[in-house]
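In: Fold the following.
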Amino acid sequence: MAAPDSRSWMSLPADIKAARLILSSNTSNLKLVSYDNKGRVLASRKVKLDQESDNFVYARTVDKQMYVNASKGLWTM
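Out: Numbering: from 1, shown residues only. Next up is the predicted model:
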């Protein structure tokens with residue numbers, strides 16, 4: 001092959017957004033919302049947080065679909 005196979009790289013997102021939030025200790029749910037360029041809501045999802053641990057929540061939005069997951073009981077502080 002004259003060039004490496006780059007098909008797997010082409011399926012990666014063009015950009016990634018991240019945010020770190022410090023929430024009050026009594027917060028049990030988080031609502032994530034994605035918007036288009038005109039400020040219209042594309043998708044929203046609620047996720048339940050583990051109040052006994054730090055949480056890592058990750059979401060992926062594709063068009064009007066949002067996939068959200070939250071970690072279970074992180075051991076890091």
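
In: Touching, Val57 and Lys72? I think so.
Out: No. Val57 lies out of contact with Lys72 (C-beta atoms under 8 Å); the separation is 11.5 Å. Where C-beta positions appear, they are placed from N, C-alpha and C, glycine not excepted.

In: which of these two has more neighbours?
Out: Neighbour totals were compared for Val57 and Lys72, and Val57 leads with 15 against 9 (other C-beta atoms under 10 Å).

In: which residues touch the more buried one?
Out: When the contact criterion is C-beta atoms under 8 Å, 6 or more residues apart in numbering, the partners of Val57 are 30, 32, 47, 49, 68-71.

In: The spatially most central residue of the chain in helix, strand or coil?
Out: The residue lying closest to the centre of the chain (C-alpha atoms, centre = their mean) is Ala59, at 2.2 Å. Of the three states, Ala59 takes strand under DSSP: H, G, I helix; E, B strand; the rest coil.
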